[in-house]
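S.K.: pasting a predicted model and its sequence here:
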Amino acid sequence: MPRPPVYDTVMFPSQTIDSRFYYHPCDQYRLSTLVDILSTGVRVLGGRARLFPRISDHPHPRILLKPNLLKGASWERAVNTHPLLLEAVIRLFLDLPGVSFTIADSPGIGNCRSAARVAGYRYLTDKYPVVIRNISDHRRMGDLFPSSENSIFRNLPVWSYITGYDFIINLAKLKTHGQLGMTLCVKNLFGLVPGTLKAAQHFHCGTDHQRFSRMLIDLCLAVSPSFHIIDAVLSMEGNGPGSGTPRQTGFVAMGRDPFAVDLGVSRMTGFRIPDLPVLKTAREMGYPFSRVRGLHPEDKSVSIRNFQPARPRALMRLTGLIPPWLNKTLRHILTDKPVIRHDRCNRCLLCVRHCAAGAMSLSADSLHPRVLIQHKKCIKCYCCQELCPRGAIRIRPGILSVLSR
């Protein structure tokens, strides 16, 4: 039975879109500087009362902060949203009586509390009304958000407690991504799916990156955070999003609309809509990218040159053109694939346990055991490359990638 179309309805009514985003240079993580930048951005984009309607009327406003917390890693590695950016956001709302904050995510490795400790978040719980929660319990997206019941992903498992917050602030990290080109605002919300269930979503979408992008878009539209921020002071290029190279990119971006923020940041780093499956799918669903407008301090525009992708940009454009009926052997030859650098691998088997397709295993050689990949079963989600704590998995270019150079 054929699958339903990936983009079957226009889901971006023009009257609800605020296509502006704000960005500001920032060359280091200093709390006072970050507070000033966020305060300016909120004012330029309409003010707190407009961005967070009736927030002053709430007797005890509950605010969820959703960082990019991939795994326990220090801020110098540029893996996670920096703790000072979270603190700067908290400072913006401390004047509200009874305000409380929750930091929650579903890391690829470990749980939120353990990853937060290594990432340097724990001091926030001592200093402010902040708790850190693991994302585990879940319900159908269609039950939590009735407006999403017509989505082709209405059965997507989403954190049960998401509807218990008055406002959600999405704090993404600028990083490259093997499957989607970059991980920005829209992709960051995938962390609201409990960790053990993410693999099932990858397997459900298979090698269809457009379908996976549609799932992320549906989730983003259902959850609809109040505000989106991208930490791009220290970013990650190359073998991202977990084992790439930190790079000083020196800015912070923010806005009400995640697609506008994502487009603006991708352009600043040299990416185009065809390079990024999420933005490409959003355009096909009717998002008016021509209306996106970036705001910034006078004479302080940002442009990042030679930002290195996880995969060649040209290949990201070609991947979606490979017809699904093409046999697996030919697709395997043509497309990029994950490969293991055995000199770095310590056989922790994290990749084996998380492989959605069951394509990875440990060899039976007791003297020289190695992790093996059955590439014909591989669905090219690149989760193994994303999660490897030693950077022992890289993406090897296929024929299409070589020819596109």
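M.R.: Structure received.
S.K.: name the nearest residue to residue 18, ignoring sequence neighbours.
M.R.: In space, residue 18 comes closest to residue 256 once its chain neighbours are excluded; the distance is 4.4 Å by C-beta to C-beta, 6 or more residues apart in numbering. The C-beta positions use only the backbone N, C-alpha and C, and glycine is treated the same way.
S.K.: ok, that neighbour - how many residues close by?
M.R.: Other residues near residue 256 come to 20 when the count uses other C-beta atoms under 10 Å.
S.K.: also residue 354?
M.R.: Quick note: residue 354 (other C-beta under 10 Å) scores 21 neighbours.
S.K.: likewise residue 61?
M.R.: For residue 61, the neighbour count with other C-beta under 10 Å is 20.
S.K.: quick check: pLDDT value at it.
M.R.: For residue 61, the model assigns a pLDDT of 97.
S.K.: wait, it sits on residue 169?
M.R.: No. Between residue 61 and residue 169 there is no contact under C-beta atoms under 8 Å: 11.8 Å.
S.K.: and the residue nearest to residue 18, how far from residue 339?
M.R.: According to C-beta to C-beta, to the nearest Å, residue 256 stands 41 Å off from residue 339.
S.K.: swap in residue 26?
M.R.: Between residue 26 and residue 339 the computed distance is 37 Å (C-beta to C-beta).
S.K.: which of the two has more neighbours?
M.R.: When residue 26 and residue 339 are compared for neighbours, residue 26 comes out ahead with 21 against 14, by other C-beta under 10 Å.
S.K.: could I get the phi/psi values of the more buried one?
M.R.: Recorded main-chain torsions at residue 26 are phi -160, psi 110, according to degrees, to the nearest 10.
S.K.: hmm, it is touching residue 35, no?
M.R.: No. With contact defined as C-beta under 8 Å, residue 26 does not reach residue 35; the gap is 11.3 Å.
S.K.: tell me, what's touching those two both at once?
M.R.: Taking C-beta atoms under 8 Å, 6 or more residues apart in numbering as the contact criterion, residue 26 and residue 35 have no common neighbours.
S.K.: please enumerate the helices of the stretch 1-150 of the chain.
M.R.: With DSSP state H, counting those that start in this stretch, the ranges of helices along the stretch 1-150 of the chain come out as 31-44, 48-51, 83-91, 112-119, 123-127, 141-144.
S.K.: please apply the same query to the stretch 301-405 of the chain.
M.R.: For the stretch 301-405 of the chain, the helices defined by DSSP H, counting those that start in this stretch cover 313-319, 328-334, 350-354, 383-387, 399-404.
S.K.: please report the distance of the closest residue to residue 242 other than its chain neighbours from residue 68.
M.R.: Setting aside the residues directly before and after it, residue 242 is nearest to residue 386 in space (C-beta to C-beta, 6+ apart), at 4.9 Å. As for residue 386, its distance to residue 68 is 12 Å (criterion: C-beta to C-beta).
S.K.: likewise for residue 362?
M.R.: The spacing between residue 362 and residue 68, counted by C-beta to C-beta, is 30 Å.
S.K.: looking at these two, which is more packed in?
M.R.: For residue 362 against residue 68, the residue with the higher neighbour count under other C-beta under 10 Å is residue 68, and the figures read 25 against 12.
S.K.: the more buried one contacts residue 184, doesn't it?
M.R.: No. With contact taken as C-beta under 8 Å, residue 68 and residue 184 are classed as non-touching, separated by 9.4 Å.
S.K.: what residues are shared contacts of these two?
M.R.: Shared contacts of residue 68 and residue 184 (C-beta under 8 Å, 6+ apart): residue 172.
S.K.: how's this structure carved up into domains?
M.R.: The chain breaks down by automatic domain parsing into domains covering 14-295, 313-404.
S.K.: could you report the neighbour count for residue 224?
M.R.: Neighbour count of residue 224, defined by other C-beta under 10 Å: 14.
S.K.: how about it: what's its closest non-neighbour residue?
M.R.: residue 168 (7.8 Å).
S.K.: next SSE after the helix or strand harbouring that neighbour?
M.R.: Under the criterion DSSP states H and E, the helix or strand holding residue 168 is strand 167-177. On the C-terminal side of strand 167-177, the closest following helix or strand by DSSP H and E is strand 181-183.
S.K.: so what's the residue nearest to residue 224 bridging to?
M.R.: On the basis of DSSP bridges, residue 168 takes part in beta bridges with residue 64.
S.K.: could you do the one 4 residues further on as well?
M.R.: When bridges are taken as DSSP bridges, the partners of residue 172 come out as residue 230.
S.K.: ok, now which ones touch it?
M.R.: Under the criterion of C-beta under 8 Å, 6+ apart, the contact list for residue 172 reads 68, 81, 183, 184, 185, 187, 188, 228, 229, 230, 231.
S.K.: quick one: it from residue 236, how far?
M.R.: Between residue 172 and residue 236 the computed distance is 12 Å (C-beta to C-beta).
S.K.: residue 110 now?
M.R.: Applying C-beta to C-beta, the value for residue 110 to residue 236 is 19 Å.
S.K.: thinking residue 352 is in contact with residue 362, fair?
M.R.: Yes. Under the contact definition of C-beta under 8 Å, residue 352 touches residue 362, with a separation of 6.4 Å.
S.K.: sounds good, over and out.
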